[in-house]
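> I'd like to go over a predicted model; first the sequence, then the structure.
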Amino acid sequence: MANRIVEYTWRPFPTDHFGLRDYPVAGIFLKNAEGKWKFKQFLVDSAADVTAINKVAAEELGIEPIGEAFSINQATKQGINVYKAKVDINFNGVILENVNIVLVINNNLRMPLLGRLDVFDYFDVNLQARNKKTVLTH
Amino acid sequence: MGKHPNHTSITVSKDTVKELKKTKRNGQSYSDVIAEMIAEKNRTELPKVHSLDNISMKELAKHSGQYIAVYEDKIIGWGDHEGIALEMAKKRMPTADPCIYGIPPKEGIIAGLQFGEPNS
């Protein structure tokens, strides 16, 4: 079977101390409760164990939390409270079903994060800083 | 078009009927065929993306650390999270279906959510 390849161009954003910095973002689509795809821009985060969106964004999509809230760490070791959920994700036509994600309860996630669980298990993720693009290959 | 719990009558051309006949499998009604086609369309059709491409860096910088709602190259809502940005957008343009973007704070993002017990 031929490899399935999806590419995302990095996007510059202003920073205080380093001028414009390119962020490895990916515009992907999440399935809402009506079965329609809704666009979200994610930060591709190889340091994140799991994909995360704010709970308010999940509510807008009709994504239901599963079970009790629990706590996970940010890189700074501060805990944040989340729910688990599952969602179908569409990477420009490559669809992953029932991806495990977390919903951040206090909605303080600055950007949705595309983490490793289920996503990096499916794709080889190549962050190409020199080319300013992310290449997902399955 | 056959009996279906959500039955709706539509008039279609002879050519459309020919195409439906080709698609129809044994035991399927035309309603089943159309329901499958709609489901497949929903499964694969992606919505229009209102991108950040034509929004200036100066405009984006004003919203560092916020979420913004973008529609037809314009920022029509913003706030600390997606819900606030979308609410503002809907007040300004009730029929618009904007795309929501998180703009990184100027101090950058420390991401990396990790499983395990937090220190605090």
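Right, received. Where do you want to start?

> any idea how far B:Glu36 is from B:Thr44?
12 Å (Cβ to Cβ, to the nearest Å). The C-beta positions use only the backbone N, C-alpha and C, and glycine is treated the same way.

> so which of those two has more stuff around it?
B:Glu36 (14 against 11; other Cβ atoms under 10 Å in any protein chain shown).

> what about the more buried one, which SS state?
helix (DSSP: H, G, I helix; E, B strand; the rest coil).

> and it, how far is that from B:Thr23?
Applying Cβ to Cβ to B:Glu36 and B:Thr23 gives a distance of 8 Å.

> can you pull out the helices in chain B?
Using DSSP state H, the helices found in chain B span residues B:14-23, B:30-44, B:57-62, B:82-92.

> return the most buried member of the ones you listed.
Among the helices of chain B, helix B:82-92 has the highest mean neighbour count (mean count of other Cβ atoms under 10 Å in any protein chain shown), at a mean of 19.

> show me the domain layout of chain B.
Listed domain ranges for chain B are B:1-45, B:57-102 (source: automatic domain parsing).

> worst mean pLDDT among the ones you listed?
Per-segment mean pLDDT for those reaches its minimum on domain B:1-45, at a mean of 71.

> wait, which of the helices of chain B is closest to A:Asn92?
helix B:30-44 (11.0 Å; Cβ to Cβ).

> surely A:Thr41 and A:Gly27 touch.
One correction, residue A:41 is Gln, not Thr. Yes. Here A:Gln41 reaches A:Gly27: they are 5.2 Å apart, a contact under Cβ atoms under 8 Å.

> more neighbours, these two?
Between A:Gln41 and A:Gly27, A:Gln41 has the larger neighbour count (other Cβ under 10 Å), namely 23 against 19.

> which residues touch the more buried one?
A:Val25, A:Ala26, A:Gly27, A:Ile28, A:Met111, A:Pro112, B:Cys99, B:Tyr101, B:Gly102 (Cβ atoms under 8 Å, 6 or more residues apart in numbering or on different chains).
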